[in-house]
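Q: fold the following.
(chains A and B)
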Amino acid sequence: MTTKRTEIPEPAVPRPPAFSRKDLLDIESITEDDIRLVLDTAESMREINQRSIKKVPTLRGKLVANLFFENSTRTRFSFEVAERRLSADSIALSATGTSVAKGETLLDTGRNLMAMAPDAIVIRHSRAGAAHLLARHLPCAVVNAGDGAHAHPTQALLDAFTIRRAKGSLAGLRVAICGDVSHSRVARSDVSLLTKMGAGVTLFGPATLLPVEIERTGARVVTRVEEAVEGADVVMILRVQKERGGGLGFPSDKEYFELFGLTPERLRLAKKDAIVMHPGPMNRGVEIDSAVADGPDSVILDQVENGVAVRMAVLYLLIGASGDE
Amino acid sequence: MGEAAGTYRKLRLLDGAGQGRAIARMAREIVEAEGGTEGFVLIGIRTRGVPLARRLAGEIERTERERVPVGLLDITLYRDDLSTVAASPVLKKTEIPFPVEGRTVVLCDDVIYTGRTVRAAMDAILDFGRPRKILLAVLVDRGRRELPIEAQFVGKRIATSATEIVSVTFRETDGVDDVWLLDREASAKAARRAPRPTAKKRAKRRPKGQAVRKA
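A: Take a look at the predicted model:
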């Protein structure tokens, strides 16, 4: 794996002492200081992941419930690894094989789960607002691991962490986000986080895969993929989300690739030291060329590795201390 | 440890020159105990164990012309009182850029008090490998241990009460080399009613196991 890294200087004091919220639901509800705190904490967590014994006793005796009502490999695995590396106990619930399959409502599932007194619930759900609903009604910390097309805050944080490690900082960077924007909670959370931290975001999507009122995100919207990639420090490619109807927006995979896919030729329009990102899972030969995905500019596997450190940071900040004043 | 609000300076334990002499002596003792500079490393516990470790390494380099590796350790994730604090403490980086396997680790901290920090530090070190042995160097031993842990290299020993605070400052972290015994204003008022032993007597008094108190 090729990596592009620069040493991050130690953050200057003074810093805020604590994460400002009980939950992590979306990027909009947290502050810039919260974001910096997560990213700085993740630096320490990353160091643990490089030791021979990759485990610390920090969350011993804490219980984290993972509720994954929607398919997930990376995120679910990443959270589970993060929980174990911090010595938390974790239990997993999925939609099949549980009472959810028998028609129990989400809130009832959550309330019943509370009887087992988890310290945190990590939830992935196909409906936007599922995590917010639980957070409003349950006393434990709730981490949104993706809700419909709404938000995926830990993905945005790990993207920001990966960019910051490669580029030193986020402010002033030009970030191109290209692809199936309308179905992408990653795009929403990324745009929100990156603009909050002072990066300039350019969005490109085929017209059929752009949401209405996209200008309200604060990102620049362009009509050609070349226009987005040109001069970019970071090129982030989104997955065509066929399971959400993303495949209906264009005639064929081949045509999508021809018109919008990130090829080595298109990547040459970006800055010389630009990095290529993809939240996974990739559709090779649709939104991204294998030569780019596996090329020297790709930090796609760094994103996965950094995901564990960022999720450890989020869990530590949310439930490491008692939270009592 | 810096000076906290609501405290006053009660007694200067070491001035800058005294601090320098104490560190020079500790450095000599470490080299003598280890029979040279081979095979041992210094690891400073964040925050003020780090300047102590660097000063010790500097002294050893000055007298022995040999470089001893210095590592930095943040023990926050190993604390036993995390679930009693209101907010998760800010983490600082741990940097141990050398193997500890089979070597002697000299842990360095500014003050030893309950021993809980050192317990956490030992657990952390053991996650990096299996050192041949772990030793402890502290600038001030203030007694009142809550765990069976002792320092092998000590700059100054003083018996303290639970209300007192030992404030160690270093040029690198605080702008000045100094070691003060502080006390809370509230307990000063109580002390005026019932005078405490003089400074000289206090320094001679050996630290003893006393009533267990949560750190």
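Q: would you list every one of the strands in the chain?
A: Using chain A here. Applying DSSP state E to chain A gives strands spanning A:63-68, A:89-94, A:120-125, A:141-147, A:174-178, A:200-204, A:220-222, A:234-237, A:275-277.
Q: meant chain B actually
A: Taking DSSP E as the criterion, chain B contains strands spanning B:7-14, B:40-45, B:70-73, B:104-112, B:133-141, B:153-157, B:165-169, B:178-184.
Q: burial count for the nearest residue to residue B:112 once chain neighbours are set aside?
A: Nearest non-adjacent residue to residue B:112, counting by C-beta to C-beta, 6 or more residues apart in numbering or on different chains: residue B:138, 4.4 Å away. C-betas here are computed from N, CA, C, even on glycine. Close neighbours of residue B:138, defined as other C-beta atoms under 10 Å in any protein chain shown, add up to 27.
Q: cool, residue A:36 as well?
A: Residue A:36: 17 surrounding residues under other C-beta under 10 Å.
Q: residue B:168 touches residue B:139, doesn't it?
A: Yes. With contacts counted by C-beta atoms under 8 Å, residue B:168 reaches residue B:139, the gap being 5.6 Å.
Q: wait, what's in contact with the residue in the stretch 201-325 of chain A that chain B sits nearest to?
A: Per C-beta to the nearest C-beta, residue A:320 is where the stretch 201-325 of chain A lies closest to chain B, at 3.7 Å. Residue A:320 makes contacts with A:58, A:59, B:82, B:88, as judged by C-beta atoms under 8 Å, 6 or more residues apart in numbering or on different chains.
Q: most neighbours among these, which one?
A: Highest count within the contacts of residue A:320 by other C-beta under 10 Å belongs to residue A:59, 27 neighbours.
Q: what separates that residue from residue B:150, distance-wise?
A: Distance of residue A:59 to residue B:150, given as C-beta to C-beta, to the nearest Å: 30 Å.
Q: thinking again about what came up before, find residues that contact each of residue B:168 and residue B:139.
A: In contact with both residue B:168 and residue B:139: B:110, B:111, B:179, using C-beta under 8 Å, 6+ apart.
Q: now the buried members of those.
A: The neighbour count (16 or more other C-beta atoms under 10 Å in any protein chain shown) marks B:110, B:111, B:179 as buried among those.
Q: what pairs with the second one across the strands?
A: Which is residue B:111. Per DSSP bridges, residues listed as beta-bridge partners of residue B:111: residue B:140.
Q: what does chain A have sitting close to chain B?
A: Proximity of chain A to chain B, by C-beta under 8 Å from any C-beta of the partner chain, involves residues A:10, A:15, A:17-19, A:37, A:40-41, A:43-45, A:47-48, A:51-53, A:55-58, A:61, A:86, A:316-318, A:320-325.
Q: angle of the longest helix along chain A against strand A:141-147?
A: Ordering each helix of chain A by length in residues (DSSP state H) puts helix A:300-319 first. Per axes from the mean of the first three to the mean of the last three C-alpha atoms, to 10 degrees, the angle that helix A:300-319 makes with strand A:141-147 is 150 degrees.
Q: quick revisit: distance check, the residue nearest to the residue of the stretch 201-325 of chain A closest to chain B when sequence neighbours are not counted against residue A:37.
A: Among residues not flanking residue A:320 along the chain, residue B:88 sits closest, at 3.7 Å (C-beta to C-beta, 6+ apart). Using C-beta to C-beta, residue B:88 is found at 9 Å from residue A:37.
Q: now do residue A:112
A: 33 Å.
Q: re earlier: out of the strands of chain B, which gets nearest to residue A:152?
A: strand B:70-73 (34.3 Å; C-beta to C-beta).
Q: which parts of the stretch 1-150 of chain A are helices?
A: For the stretch 1-150 of chain A, the helices defined by DSSP state H, counting those that start in this stretch cover A:32-48, A:74-85, A:106-114, A:130-137.
Q: figure out which of those is closest to residue A:276.
A: Nearest of these to residue A:276, taken as C-beta to C-beta: helix A:74-85 at 17.1 Å.
Q: can you pull the buried residues of the closest one?
A: Within helix A:74-85, the residues that count as buried by 16+ other C-beta under 10 Å are A:75, A:76, A:78, A:79, A:80, A:81, A:82, A:83, A:84, A:85.
Q: so it versus helix A:300-319, what angle?
A: Using the same axes, to 10 degrees: helix A:74-85 against helix A:300-319 is 50 degrees.
Q: now do helix A:74-85 against helix A:32-48, angle only.
A: Comparing the axes of helix A:74-85 and helix A:32-48 via the same axes, to 10 degrees yields an angle of 70 degrees.
Q: which other helices and strands does helix A:74-85 contact?
A: Packing partners of helix A:74-85 (3 or more C-beta pairs under 8 Å, 6 or more residues apart in numbering or on different chains; DSSP states H and E): strand A:63-68, strand A:89-94, strand A:120-125, strand A:141-147, helix A:153-167, helix A:300-319.
Q: next one: the fifth one to chain centre, how far?
A: How far helix A:153-167 lies from its chain's middle: 8 Å, per C-alpha atoms, centre = their mean, to the nearest Å.
Q: pLDDT of that helix, averaged?
A: The average pLDDT for helix A:153-167 rounds to 98.
Q: swap in the first one?
A: The average pLDDT within strand A:63-68 is 96.
Q: and if you look at the third one?
A: The average pLDDT for strand A:120-125 rounds to 96.
Q: and that strand with helix A:300-319, angle?
A: Strand A:120-125 and helix A:300-319 are oriented at 130 degrees to each other (the same axes, to 10 degrees).
Q: for strand A:120-125, which positions count as buried?
A: Residues of strand A:120-125 classed as buried by neighbour count (16+ other C-beta under 10 Å): A:120, A:121, A:122, A:123, A:124, A:125.
Q: in those, find the pair that's most separated.
A: A:120 and A:125 (15.7 Å).
Q: that older thread, now, which of the shared contacts of residue B:168 and residue B:139 sits nearest residue A:267?
A: Relative to residue A:267, the closest of those is residue B:110; by C-beta to C-beta it sits at 51.9 Å.
Q: pull out the buried members of the residues of chain A next to chain B.
A: Applying 16+ other C-beta under 10 Å to the residues of chain A next to chain B, the neighbour count classes A:18-19, A:37, A:40-41, A:43-45, A:47-48, A:51, A:56-58, A:86, A:316-318, A:320-321, A:323 as buried.
Q: got a list of what the closest residue to residue A:157 other than its chain neighbours touches?
A: Setting aside the residues directly before and after it, residue A:157 is nearest to residue A:310 in space (C-beta to C-beta, 6+ apart), at 4.9 Å. Shown in contact with residue A:310 (C-beta under 8 Å, 6+ apart): A:38, A:39, A:42, A:45, A:154, A:157, A:158, A:161.
Q: if you set the cut-off to 6 Å instead, what comes out?
A: Contacts for residue A:310 (C-beta atoms under 6 Å, 6 or more residues apart in numbering or on different chains) come out as A:42, A:157, A:158, A:161.
Q: one more: residue A:293?
A: By C-beta under 6 Å, 6+ apart, the contact list for residue A:293 reads residue A:282.
Q: and the gap between it and residue A:266?
A: As defined by C-beta to C-beta, residue A:293 lies at a distance of 13 Å from residue A:266.
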